[in-house]
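A.B. asks: have a look at this prediction, sequence included:
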Amino acid sequence: MKTVAEQIADWLASQGIEQVFTVTGGGSMFLNQALGAHPGLRCTFMHHEQACAMAAEGYARIAGKPAVVMLTTGPGSINAFNGVYGAFTDSIPMLVISGQVKRETCLSFHDLPNLRQLGDQEGPTVAMAVPICKSATLIRDAAHVQTALPQAYALAISGRPGPVWLDIPLDVQSSKEALTIPTAAIADRQQLANVEEACLEIILRLQKAHRPLILGGTGVRLAGATTLLRQLVDDTGIPLATAWTHDLIASDHPLFAGRPGTIGTRSGNFCLQNADVVLVIGSRLNIRQTSYNWDSFGKNAWIVQVDVDAAELAKPGVQADLKVQVDAEVFIRTLRTLLAQHRLPSFSAWGAWCRDIGERYHARSEHQQIPGAPLNPYVVVDRIFRQMRDDDVAACGNASACILPFQMAHLTANQRLFSNSGSASMGYDLPSAIGASFAGHEDNKRRVICFAGDGSLQMNIQELQTLKTTGRNVVIVVLNNAGYLSIWQTHENFFGRVIGATPVSGVDFPDFEAVAKAYGIKAATIRTEADLLLLDALLQEDGPVLLNVVVDPRQEFAPRIKSRVDENGKFITPELDDMHPFLSPVELRAVADSALAIRANA
């Protein structure tokens, strides 16, 4: 007779789950044995539980289905919370299965309200997991698995996806009670009654519009609607801007309208702020997207927001003129069906304006490599993207490691680019890249380019050993600016001094080339213009390899939204199209006037 843990492993494989990320432990030993030995499951053994969760998130983004995070009790589970929280904020499906102490020493099975701990390494896993998961459940007995497991899995991948957590006591894992675990019942996507009505109202607005814009977000990708969105853009001639999920459209597509946001592109913000209809599909419009000056977001537009989560439509912030709670795939499909019965004007002049703005105000025009000067990270990142393979995946960390790729990346239709926007944790880059490398590519041919900051890489640098052990095709690009650039900029901007963000202020970093080589990974340091030829050569190779790119530590993010504090201590945030380095009021007005002059052709 199989153990409960072995029956769980069988069920997971039967549902099409293939990948497990784990650190083994005593509290999960029966789960470790069952999942680790199952022929239908691949276990990747990492060196920190946080990294396991981040790897599972990166895997799901590329594979389009969840991985399992397998944890032990107490500190093993607690370590994973940061990565799980990132999946929760960014709506990435994940199935977390943790071991728990035996029921006889588990506080949850006793009425001892003032006792802090009973079992060895016991922790209140479920209580801590509840706020950052779609569901978190302590398994009470073997029979409970029969309902809790399929329900949790269905919840993880339906509606607004996200992580779910099952906490399984050791004596339940080892039990040999025969179980019948049904297939997960995945609910059909909702076809709400008001969707057609909303789409008809949108069509009426589009028929009167001159400068419409679609802002596509992560919800499109999660709904499996990327192709549908591209078809909608081609059918209507409406330009598409992207919100964090920038791989929804190729950079050379004639209707690509930039990447708006506080750390987006100047051209994207110009397109957004000068549109007269903005159709937001699958973006929750978080602060990084809208800025704290959200009242001016799409200031000239009638705004529609489409989101599967009613809470996102009800929150403070941008208040759309029309809010539609529905899955992005259902919405786009319904809108396309109705558009086939209605004629829209031609928006070709507006599309041409967006293209022209994109060329005139590309971040590339604001950054050049000065001979003899330290390497400009913007120039380096642009150089890397220009040499990437057609199917490469770019896994980006936070700060420089996502801002620069977002502003400089020239993406093809088959390339992928992702980062975590909600948690935006340091330490995300390397684990997520390792996870992405396992996404449906047994031959290990699809390459992942991992953009990491020197500060961020330190947070999970132990996963270089995982990379060495697994031999995954990952090229790590360390943007080494000798500090925490975003913190340095913030401190300089608001206080005129820097605390705890640079070597001089108390934070220093190792020789990353030497560290990588100590792990047995090929590595090189790129420090000068002459070294860029070595960079080019190494970019023709497969990973694992680490490129330690030493860049100008004084290179600020540009362009960016730059807030300031007035004499009363109040934060003042400019509008999205007024990015630093600031353009003259005359130039800003000229851009706006040229947009206002555009008329659609009936």
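C.D. replies: Now that the structure is in, tell me what you want to look at.
A.B. asks: now do the strands in the stretch 501-602 of the chain.
C.D. replies: 522-526, 545-550, 564-565, 571-572 (DSSP state E, counting those that start in this stretch).
A.B. asks: deepest-packed of the ones you listed, please.
C.D. replies: Most buried of these by mean neighbour count (mean count of other CB atoms under 10 Å) is strand 545-550; its value is a mean of 24. Heads up, the C-betas are built off the backbone N, CA and C, glycines and all.
A.B. asks: show me what that one is packed against.
C.D. replies: strand 474-480, helix 512-518, strand 522-526, helix 532-538 (3 or more CB pairs under 8 Å, 6 or more residues apart in numbering; DSSP states H and E).
A.B. asks: would you mind giving those as TSV with distance to residue 264 added?
C.D. replies: Converted to TSV, these look like this (distance: least, CB to CB, whole Å):
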stretch	distance to residue 264
strand 474-480	19
helix 512-518	29
strand 522-526	27
helix 532-538	26
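A.B. asks: tell me which of these sits most buried.
C.D. replies: strand 474-480 (a mean of 26).
A.B. asks: what's the following helix or strand after it?
C.D. replies: helix 485-495 (DSSP states H and E).
A.B. asks: contacts for that next one, please.
C.D. replies: 398-400, 453, 497-502, 553, 555-557, 562-565 (CB atoms under 8 Å, 6 or more residues apart in numbering).
A.B. asks: which among those count as buried?
C.D. replies: 398-400, 453, 498, 501-502, 553, 555-557, 562-563 (16 or more other CB atoms under 10 Å).
A.B. asks: which single one of the residues you listed is nearest to residue 237?
C.D. replies: residue 557 (33.1 Å; CB to CB).
A.B. asks: for the helix or strand of the chain with the lowest mean pLDDT, packing partners?
C.D. replies: Across the helices and strands of the chain, mean confidence by mean pLDDT, DSSP states H and E is lowest for strand 564-565: a mean of 76. Identification of packing neighbours for strand 564-565 by 3+ CB pairs under 8 Å, 6+ apart yields strand 571-572.
A.B. asks: burial check on residue 446, number of neighbours?
C.D. replies: Per other CB atoms under 10 Å, the neighbour tally for residue 446 reads 18.
A.B. asks: so for residue 483, what's the pLDDT?
C.D. replies: Per-residue pLDDT puts residue 483 at 89.
A.B. asks: find the nearest non-adjacent residue to it, please.
C.D. replies: Nearest in space to residue 483, with sequence neighbours left out and distances taken as CB to CB, 6 or more residues apart in numbering, is residue 502 at 3.9 Å.
A.B. asks: quick one, what contacts that neighbour?
C.D. replies: 482, 483, 484, 488, 553.
A.B. asks: could you check how far the fourth one is from residue 505?
C.D. replies: I take that to be residue 488. Using CB to CB, to the nearest Å, residue 488 is found at 8 Å from residue 505.
A.B. asks: common neighbours of the two, please.
C.D. replies: Shared contacts of residue 488 and residue 505, counting by CB under 8 Å, 6+ apart, come down to residue 498.
A.B. asks: comparing those two, which residue is more hemmed in?
C.D. replies: residue 488 (22 against 16).
A.B. asks: returning to what we had before: export the helices and strands packed on strand 545-550 as a markdown table, with columns for mean pLDDT and distance to residue 338.
C.D. replies: Shown next, in a markdown table, are these (pLDDT from 0 to 100; distance: least, CB to CB, whole Å):
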| stretch | mean pLDDT | distance to residue 338 |
| --- | --- | --- |
| strand 474-480 | 98 | 44 |
| helix 512-518 | 98 | 54 |
| strand 522-526 | 98 | 53 |
| helix 532-538 | 96 | 50 |
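A.B. asks: and residue 384, which of those is closest to it?
C.D. replies: With CB to CB, the closest approach to residue 384 among the helices and strands packed on strand 545-550 belongs to strand 474-480: 6.4 Å.
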